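Participant: Whatever this is, show me its structure:
(chains A, B, C and D, ligands or ions: 4)
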Amino acid sequence: MKRNLPLLATGAILLVLFGAAAVAYDGFLSSRVIVNLFADNAFLGIAAVGMTLVIFAGGIDLSVGAVIGFTSIFTATLITGRGLHPAAVWPMAIGLGAVLGALMGTLVHVYRLPAFLITLAGMFLARGMGFWLNTESVGISHRWYDALANFDLAIGDAVHVPAAALLLLGVVLVGYVVGHHTRFGRTLLAIGGNEQSALLMGLPVGPAKIAVYTLNGACAALAGIVATVYTSSGNASMGIGLELDAIAVVVIGGTLLTGGRGHVAGTLLGVLIFGTIQAAILFDGRLSSWWMRIVVGALLLTFILLQRIFVRRKS
Amino acid sequence: HAAGKTLKVGFAQTGAESAWRTANSESMKSEAAKRGIDLKFSDGQGKQENQIRAVRSFITQGVDAIVIAPIVETGWDPVLREAKRAKIPVILTDRTIQTSDESLYACFIGSDFYEEGKMAADWLAKFTGGKGSIVELQGTPGSAPANERRKAFGDGIKKYPGLKIIDSQSGNFERSGGKQVMEAFLKKHGKAIGIVYAHNDDMALGAAQAIEEAGLKPGKDIVLVSIDAIKEAVAAVAAGRLNCTVECNPLFGPKVFDTVSKLLAGEKVPKKMYNKDELFDATNAAKVLPSRQY
Amino acid sequence: MKRHSSLLWLAVGLILLVAYNLVGNPAFLKISVQDGHLYGVPIDILTQGSRTMLLALGMTLVIATGGVDLSVGSVVAIAGAVCALLLNSGTSLVVTLAAAVGVGALAGGVNGTLVARLGIQPIVATLILMVAGRGIAQLICGGQVIIIDRKSFEFLANGFVAGLPVAPLVVGGLYGLTHLFLRRTAVGLFVEAVGDNETASRFAGLAAARVKILAYVFCGVCAGLTGVLTAANIRAADANRAGENAELDAIFAVVVGGTALTGGRFSILGTFLGALLIQTLAATMYFRGVPPAVAPVPKALLILAVSLLQSEKLRTWIASHWRRKEGAV
Amino acid sequence: MPDQPLLELRGITKRFPGVLALSGVDFTLRVGEIHALLGENGAGKSTLIKVLTGVHPAEEGTITLAGRRVAPASPKEAERAGISTVYQEVNLIPALSVAENIALGRQPGRLGFIHWRAMRRHAREALARLEIDCDVDAELGSLSVALQQMVAIARALDLRARLLVLDEPTASLDEKEVAELFKVMRRLRGEGLGIVFVTHFLDQVYAVSDRMTVLRNGQLVGEYVPAELPRLGLVSKMLGREVKDEVGRTQPSDTMGAKVETPLRDAAVPRPAGTVLLEAKGLHRRGAVQPLDLQLRPGEVAGLAGLLGSGRTETARLLFGIDRADGGSLILKGQSVRIGSPRDAVRLGLAFCSEDRKTEGILPNLSVRENLIFALQAKQGAWRTLARAEQERLCDHYISALRIKTADAETPIRNLSGGNQQKVLLARWLATRPELIILDEPTRGIDVGAKAEIEQLIAKLRADGLSVLLISSEIEEIVRNCARVLVLRERRPAGEIAGAEVTTERLMQKMAGHA
Ligand SMILES: Nc1ncnc2c1ncn2[C@@H]1O[C@H](COP(=O)(O)OP(=O)(O)OP(=O)(O)O)[C@@H](O)[C@H]1O
Ligand SMILES: Nc1ncnc2c1ncn2[C@@H]1O[C@H](COP(=O)(O)OP(=O)(O)OP(=O)(O)O)[C@@H](O)[C@H]1O
Ligand SMILES: [Mg+2]
Ligand SMILES: [Mg+2]
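Facilitator: Ligands and ions are numbered 1, 2, ... in the order given. Here you go, the predicted structure:
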């Protein structure tokens, strides 16, 4: 219970935030808005789940945004340009993401290089390769894409949950199980808590670190595929700066950036908080570009201060 | 929608990345205010995903019409289909999109980035007699104006074998980027550079500064051509620091809302409407300068 | 020992990069005199690089305390906007500079308070100002690029004294002063101690929170001054673009310079070399004519190469491999 | 079966930059024996253990386990080979629960999925075997160092192993826990396990070990049987010089090998009457310490005694301003003061040497010099910077005064052996010239020789008029040093003993709650 207190507090504040928006804006409290919260943030959320696990282990991965961009243009190029079937392209894309992740993880672990630098290099590499494939965006038209775009799970009459939202929930669930109910996940937390101790405790530190970067690379690629579905196209500049949003969402969800402490479910809350702030601003629709930024900042600040007050800092 | 009820229009702007964009947003807002239209404005911060999110939100909010300034050309089909299902007309501004189904949007109003690049090329050919070594200052890699203006200019100068692009780098549409790249070009190519073609005015103005600092005279020793025709650039043309800037008119507001009214009244509108883009060089810059609004 | 060797390898990386340029372009290092001042690629690198250097200087201290400041880019924009506002309303240069510094200090104070007093994780705490700060800058400028027409102001970024470029001189001076200040007083020790083990340093009687706040304030001041240089460089305040993505370059310079993101030991000289590396790389791309679209790839390769050069693990591995080979022969 | 070698280390050599930590060390452990590994701080005990468990690769030498040559490259491999280890510092994960720390890496469950209930039950059993009663869901970091140490031991015992290695497991335990641990050790010995046991408490060596190996300066001195080598002989072997008597034995002693000028106990010395340096009245904090009165006088060593978890450390934290008191007052030299932070405390002339040197003490990556002068510099503030020469003078002084074994003053402190780190931390506080020093387990992990020196030092400080508050789980240490002892029980004062009444028996009675 005590461990889940921050999580509950974060959830409570999310509700307050949402409630305030619902009072302020007509039509905000609707199933569509809530469903959109999941659907519109699906690829951010999927990338953030992978990022959560990396941060659990005290690592960081700046390459996720670029991997999304690369995957997106890669998928589109193969499907549209080469006429390959998505069923063949998707595994390839996820495989490539995983390989890039594994490479970075290996460099970070084996050569003791700072994750920040290595994944920054990964970011440039993926971005550059994406643009090398095509600087322009490429449309995808394929039966599967149409089917996915039109698919939704009807709950009753009013609520239609699209594929992306379902996938997000699925990934969060898997992330939660991996992070909190497997040896691998607990090993990650231990590494983030104190890598030296984890090593002395006989935990497989190296394999776990490499595995988590690999997993995250795959997650980012999956997010990239979701992005292609979301837009029915591929675009190398997709996901620019998304890594920062992902990190922020993870941290807002209560995960410690220095590692060793956190919660995958918190990340979902973080995504929803981000989404709610943006949705509220869209409903308002009166803010100029600059006021919008200021308001987002102010809301973030309010939220974080509230979170602080709810969960008093341990002395 | 009965008469008397205020119209609600959603506008998914790309961002606030330049003065041109700000003028564009301003024009939309002031025109909406003038007409008593409830404009839902959204800043996409340069990300297509934000724009799609905005459009979906507009649909949820049940707006009467949606205006999009698409950041990229593809990727709009799913969300436009949603709009169509909700029977909300969509107007594209600024640039058009690639889609399999042209009925997904009502019409397009805007500038033709491709045409702008062409105009710059033609002007240059006339001005230089079709000869010269060009360095190109590109916009942000992957962005639509950068893509279009690069392609169009390249196509445009093909007719003139004397015009050659000898180097090309990105200045990210930024002044300091233009300046920095130009400094490097000046060191690298020295006197070989005869012409600078910049994808926007900001980079051209930065380049002009670099040229001055290298002890040369921009507009005389090196010819500068750029696109956008922001006020400062027109002034620079008038002062002889730039040679030519192609206008890309941001003041869409009136035309967009006229079109909205027509669409909602059930009138037919042309599928594509281009703003007439003008070109300013030494001959007319000084004259139009006082009337420039942005 | 170890720290110095990692700096050495950073320097080796830098030299290799310059050498690579010299192969294709012997004039890369050429410095001539033009209009009575120095002129050449190295001068450009120093002048253009001075902004990243200055940002990275402040960032070094923040990172050494175990934090990070994402808001510097936005602070650059705000400071530039403030300069434009004041100068165009006829305020004197000195007051303007003071205002820019003040704005930076204020921003740093806010960041520092959030981090040190309220215990908010640095990345989120400074994200707030990163997002809101650009909005504030745009608000000041009304989203426009505001031209600043003051020769004395532009002089700060592009001027020359005795033939030497002003901006690198100023930034170099600041590096020297900061280094002296940190190493001659106990402040440097305090910063490293807070980053190394905050609890222990607090228990030993250090006002750890105050040290952290001051680090953020210093970082803010550096960002404010960078805003001045940025605006002066293009004679305009561009609230939309000034300082965009600058935080990434600054953090990169610091980390490649040998200061760990986890805090603790820092190296001012390393940061300087790191920033120099970034700018030299940019110049390299221009000179090698790398197509802009794929420009990130060589950047990635350089980061990898420099990191690997600095990796002790790899070096010992290679050394042992060599020895074994020699032994076998 | 006995005398059959289980583990043989031959010619182990390990070098660190600037230090030859081990040079050609041999070590033999037989099946079913408890083998004490002894030596001064920095002798190389921990290093030998880390070579054995694959933390450090040895440069030379061989390891034979049950007749098979092994070369574990990581603690994981060592564990697989049947070596279970408790390292010197608590090497667990503070943010995870007690149960997880015990089970980490071998959680019960299928396909990598954890069976939480089984895991908790298992952890509870593991703790029960050591007679520890604590919430297995508690976050490890919230426990006292002693409890964390017990958890680490429970974890090591939980592993099916042939060989158990315990590096100073008892350093922060009190007698009850030590007794439990020994019971378990003896049982395991009976089951045929080999146990390597490192400690600086000679009583414990003689109580459980079957054999002893002594290291000195990274070299093997010899292997002995306790019955054949009396204590003094052992100490001489460890220190490499003849000694007549040593501190650390059960009988309080007034003399040391060296000449002693000040008696350790000042029971006989008239206390400077009336002067009180620091007085606490009704000091309390919810959930930590019940209202408590305390008087500390200059020139006096006061003791704070109690069982594990009795609230001694928490009392010290309150006095030093680390935790904020909910009520009560503090009077320093007749003036009411408020101590809201360690910084306030340091400025008022207090010092506090924490029991948790790893997380609350050392600045691991900073040099010995920087660690040593740190509190003094923090007290003076940034502007009154200590000149480098002054810093070096302080370092030289304390390195030789406390016989700190380090390659040089610029070595990062994390490279020092545990005991030597502790000495640097003591020096850090002494350098501030405090008026009151609170020592929480100051001799934790310190070797016999140095312990004597530290007690000498305490006596000298007292003679100089310093006030000392000593917290120690070693009752003898309290008895030897303190003129007056405040006993805590379950976080509330359980009475004070002074003068001639300060004896082991009285203290034990009070601590346990009889009489
Ligand atoms: N990682 C390291 N780097 C450099 N030197 C080290 C390292 N670890 C240990 N040493 C040195 O090796 C020597 C032996 O240290 P070790 O920790 O084995 O001593 P110990 O016998 O366990 O002492 P203690 O009783 O204080 O724990 C010491 O001089 C120490 O400074
Ligand atoms: N049996 C126990 N079960 C759970 N927690 C305990 C137990 N004993 C002590 N603790 C916890 O340990 C923490 C530290 O207590 P404290 O450090 O004051 O004890 P102490 O008297 O100094 O004992 P020592 O330092 O020998 O452990 C307290 O927060 C307390 O909650
Ligand atoms: Mg040891
Ligand atoms: Mg204690």
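Participant: what secondary structure does B:Glu17 sit in?
Facilitator: Taking DSSP: H, G, I helix; E, B strand; the rest coil as the rule, one finds B:Glu17 in the coil state.
Participant: For it, which non-adjacent residue is closest in space?
Facilitator: Closest residue to B:Glu17 apart from its sequence neighbours, by Cβ to Cβ, 6 or more residues apart in numbering or on different chains: C:Asn240 at 5.3 Å. Quick note: C-beta positions are derived from backbone N, CA and C, even for glycine.
Participant: Helix, strand or coil: sort out that neighbour for me.
Facilitator: Under three-state DSSP, the three-state class of C:Asn240 is coil.
Participant: What's the separation between it and C:Thr230?
Facilitator: Using Cβ to Cβ, to the nearest Å, we find C:Asn240 at a distance of 13 Å from C:Thr230.
Participant: which of those two has more neighbours?
Facilitator: Using other Cβ atoms under 10 Å in any protein chain shown as the criterion, C:Asn240 and C:Thr230 rank with C:Thr230 on top: 29 against 26.
Participant: Sticking with that one, tell me its helix or strand.
Facilitator: Under the criterion of DSSP states H and E, C:Thr230 resides in helix C:208-234.
Participant: Are that helix and chain D in contact anywhere?
Facilitator: No: figure legend: helix C:208-234 not in contact with chain D (Cβ under 8 Å from any Cβ of the partner chain); closest approach 8.6 Å.
Participant: How about the contacts made by D:Glu177?
Facilitator: By Cβ atoms under 8 Å, 6 or more residues apart in numbering or on different chains, the contact list for D:Glu177 reads D:130, D:132, D:146, D:150, D:170, D:308.
Participant: Go again with 7 Å.
Facilitator: By Cβ atoms under 7 Å, 6 or more residues apart in numbering or on different chains, D:Glu177 lies in contact with D:146, D:150, D:308.
Participant: hmm, the helix holding C:Thr230 in reach of chain B?
Facilitator: Yes: applying Cβ under 7 Å from any Cβ of the partner chain, one finds helix C:208-234 touching chain B at C:230, C:233-234.
Participant: Closest one of those to ligand 3?
Facilitator: C:Thr230 (54.2 Å; Cβ to the ion).
Participant: The closest one touches C:Gly80, doesn't it?
Facilitator: Yes: contact criterion Cβ atoms under 7 Å: C:Thr230 and C:Gly80 qualify, at 5.6 Å.
Participant: rewinding a little: sort out which one of the residues of helix C:208-234 next to chain B lies nearest chain B for me.
Facilitator: C:Ile234 (4.1 Å; Cβ to the nearest Cβ).
Participant: Burial check on B:Pro161, number of neighbours?
Facilitator: 9.
Participant: The one 5 residues further on too?
Facilitator: The local packing count at B:Ile166 equals 17, with neighbours defined by other Cβ under 10 Å.
Participant: for the one 5 residues further on, same thing?
Facilitator: Taking other Cβ under 10 Å as the neighbour definition, B:Gly171 ends up with a count of 27.
Participant: Nearest residue to it in space, ignoring adjacent ones along the chain?
Facilitator: B:Gly177 (3.3 Å).
Participant: Identify the contacts common to C:Thr230 and C:Gly80.
Facilitator: By Cβ under 7 Å, 6+ apart, the residues touching both C:Thr230 and C:Gly80 are C:Ala242.
Participant: if we can go back for a sec, and the residue nearest to B:Gly171, how far is that from B:Val135?
Facilitator: From B:Gly177 to B:Val135 the distance is 14 Å (Cβ to Cβ).
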